[in-house]
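S.K.: Can you look at this prediction? I've put the sequence above it.
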Amino acid sequence: CTLQKEGSSENKDTPHYKLMLLLEQELPECNRRETIDELAEKFCVNHGASKPSRKRLSRALFLVPRTRLDLLPYYARFSAILNRIFADVG
């Protein structure tokens with residue numbers, strides 16, 4: 001039982017898990033320009049070098065939930081920030 005708990009805590013430290021949290025939990029909760037800017041910086045520092053990460057980000061930005069259309073300006077800002085650094089995002 002303790003082995004399973006230790007294994008799950010190790011999985012939370014992986015870059016894949018952190019990217020999943022960023023895209024699925026933090027990105028939809030950003031509702032201010034400052035938080036989007038911080039999230040874009042966090043993505044660049046932690047995940048930007050990986051092409052699969054940028055691909056997952058592009059997919060997440062494209063698939064905005066229909067009930068959350070208020071996020072579109074923030075997603076556009078996020079995409080514009082990252083487009084300056086990574087040409088394949090945006």
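M.R.: Here it is on my side, so go on. Numbering: from 1, shown residues only.
S.K.: residues in contact with P65?
M.R.: Taking C-beta atoms under 8 Å, 6 or more residues apart in numbering, we find P65 in contact with 28, 71. C-beta coordinates here come from the backbone N, C-alpha and C atoms, glycine included.
S.K.: so how far is E24 from it?
M.R.: P65 is 11 Å from E24, where distance means C-beta to C-beta, to the nearest Å.
S.K.: longest helix of the chain?
M.R.: The residue-count maximum for a helix in the chain (DSSP state H) belongs to helix 33-46.
S.K.: Check which helices and strands that one sits against.
M.R.: Packed against helix 33-46 by the contact rule (3 or more C-beta pairs under 8 Å, 6 or more residues apart in numbering; DSSP states H and E) you find helix 15-21, helix 72-83.
S.K.: go again using 7 Å as the cut-off
M.R.: helix 72-83 (3 or more C-beta pairs under 7 Å, 6 or more residues apart in numbering; DSSP states H and E).
S.K.: The helix it packs on: which residues count as buried?
M.R.: By neighbour count with 16 or more other C-beta atoms under 10 Å, helix 72-83 contains the buried residues 74-75, 78-79, 81-82.
S.K.: What residues of stretch 38-48 count as buried?
M.R.: If you call a residue buried by 16+ other C-beta under 10 Å, then stretch 38-48 has these buried ones: 39-40, 43, 47-48.
S.K.: Let's test this: mean pLDDT of it, rounded?
M.R.: Across stretch 38-48, the average pLDDT comes to 90.
S.K.: Need the residues that contact it.
M.R.: 15, 18-19, 22, 26-27, 30, 53-54, 57, 78, 81-82, 85-86 (C-beta atoms under 7 Å, 6 or more residues apart in numbering).
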